[in-house]
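*Asks:* sequence? don't have it. structure:
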């Protein structure tokens, strides 16, 4: 009998981050749009605040969102590309 791989669903914080990333890439969430709060995400996904916070931390580390303590996270405005020609 050959061993079989066990299918394991992705952790919820990765699924939340992927959902928001896809919305950003497709234009459903535009630059400077506010993201849902941690409480809204936790309620929508049926997860803990810690999982929602992990998703936001992942998006921040990928450079897709910005925001600080006490401010809502927002979709980051992409930096302008400067092409210099000699």
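*Replies:* Here it is on my side, so go on. It should be emphasised that the depicted structure is a prediction, and the values quoted were computed from it without experimental measurement. Numbering: from 1, shown residues only.
*Asks:* in the protein, which spans are strands?
*Replies:* Ranges of strands in the chain, per DSSP state E, are 65-66, 74-75.
*Asks:* neighbours around the closest residue to residue 36 other than its chain neighbours, how many?
*Replies:* In this structure, residue 36 finds its nearest non-sequential neighbour in residue 44, 7.1 Å apart by CB to CB, 6 or more residues apart in numbering. From N, CA and C alone the C-beta is placed, and that goes for glycine too. Applying other CB atoms under 10 Å, we find 12 residues neighbouring residue 44.
*Asks:* list the contacts for the residue nearest to the spatial centre of the chain?
*Replies:* Closest residue to the average C-alpha location of the chain: residue 17 at 3.4 Å, with CA atoms, centre = their mean. Counting by CB atoms under 8 Å, 6 or more residues apart in numbering, residue 17 makes contact with 55-56, 58-59.
*Asks:* flag the shaky bits of the chain, pLDDT-wise.
*Replies:* Nowhere does the chain drop to pLDDT under 70.
*Asks:* how many other residues sit next to the closest residue to residue 53 other than its chain neighbours?
*Replies:* Once flanking residues are discounted, residue 53 sits nearest to residue 38: 5.8 Å by CB to CB, 6+ apart. By other CB under 10 Å, the residues close to residue 38 number 17.
*Asks:* what of residue 49?
*Replies:* Residue 49: 13 neighbours (other CB under 10 Å).
*Asks:* for it, give its distance to residue 60.
*Replies:* Remark: distance between residue 49 and residue 60 (CB to CB, to the nearest Å) = 16 Å.
*Asks:* please apply the same query to residue 18.
*Replies:* Distance from residue 18 to residue 60, counting by CB to CB: 15 Å.
*Asks:* and what of residue 37?
*Replies:* 15 Å.
*Asks:* one more: residue 34?
*Replies:* Distance from residue 34 to residue 60, by CB to CB: 14 Å.
*Asks:* pull out the buried positions in the longest helix along the chain.
*Replies:* Longest helix of the chain, by residue count under DSSP state H: helix 12-26. Residues of helix 12-26 classed as buried by neighbour count (16 or more other CB atoms under 10 Å): 12-13, 16-17, 20-21, 24.
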